[in-house]
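1. heads up, no residue letters with this:
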């Protein structure tokens, strides 16, 4: 109403969502700074994104509530599309596991899973990108390794991205690799 009082409450017995059981909620209650999730496919929209969450403390500073905000990666891809890379260049954001979560030219970041045909969505892998992007994406993910860090390729948060020359089909390409 005009006084901001609840006028009606309703429960949906079929809705079992409880944010308190989510990893982002639990992580936010354990630390003072906001937490960011790894990219995942949102249940409600079916779109890829990340969640940022922070605990709100009571008068003594103990967690009283958690505020979570979902950020869809489509918005990040839209931002990347507005940048100029010259002569058909592109940029994409890849997790250490090789998942493409944002791309300046390729709106498709999700694919149907091939694991038994259950139809679940998954992120496309860097190696599934066309042409040079897939070839370079595979090499970068392999160089990063399972732990997501390789001295030759990673950059510290304070450092500028590292530039690498890659060759594909006889042509040279320059690739910038950095941590987010």
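-> Yep, that arrived. Worth saying up front: this structure is predicted, and the values here are computed from it rather than measured.

2. going forward, measure contacts between C-alpha atoms and count neighbours the same way
-> Will do.

3. Could you pull up the mean pLDDT of stretch 8-20?
-> Averaged over stretch 8-20, pLDDT sits at 87.

4. quick thing: my sequence starts at 45, can you match it?
-> OK, 45 is where the count begins now, so the last one is stretch 52-64.

5. could you point out where the protein is predicted with low confidence?
-> Along the chain, the parts satisfying pLDDT under 70 run over 129-130, 132, 150-164, 188-205, 208, 216, 218-224.

6. at 50 what do you get?
-> Along the chain, the model assigns pLDDT under 50 to residues 160-161, 190-202.

7. Which residue, neighbours along the chain excluded, lies closest to residue 77?
-> residue 98 (6.6 Å; Cα to Cα, 6 or more residues apart in numbering).

8. what about that neighbour, helix or strand, and which?
-> strand 92-101 (DSSP states H and E).

9. residues of that strand that come out buried?
-> For strand 92-101, the buried set under the neighbour-count rule, 16 or more other Cα atoms under 10 Å, comprises 92, 93, 94, 95, 96, 97, 98, 99, 100.

10. From residue 177, how far off is the second one?
-> Here the criterion is Cα to Cα, to the nearest Å. By it, residue 93 lies 22 Å from residue 177.

11. In contact with the most centrally placed residue in the chain: list those residues for me.
-> Centroid-nearest residue in the chain, with Cα atoms, centre = their mean: residue 83, separated by 3.2 Å. By Cα atoms under 8 Å, 6 or more residues apart in numbering, the residues touching residue 83 are 92, 93, 94, 95, 145.

12. Most widely separated two among the residues you listed?
-> Between any two of the contacts of residue 83, the greatest separation by Cα to Cα is 13.5 Å, found for 95 and 145.

13. of all the buried residues of strand 92-101, which comes closest to residue 61?
-> The nearest one, if we look at these relative to residue 61 and count by Cα to Cα, is residue 95, at 15.7 Å.

14. Tell me which residues touch that closest one, please.
-> Contacts of residue 95 (Cα under 8 Å, 6+ apart): 68, 80, 81, 82, 83, 112, 113, 114, 115.
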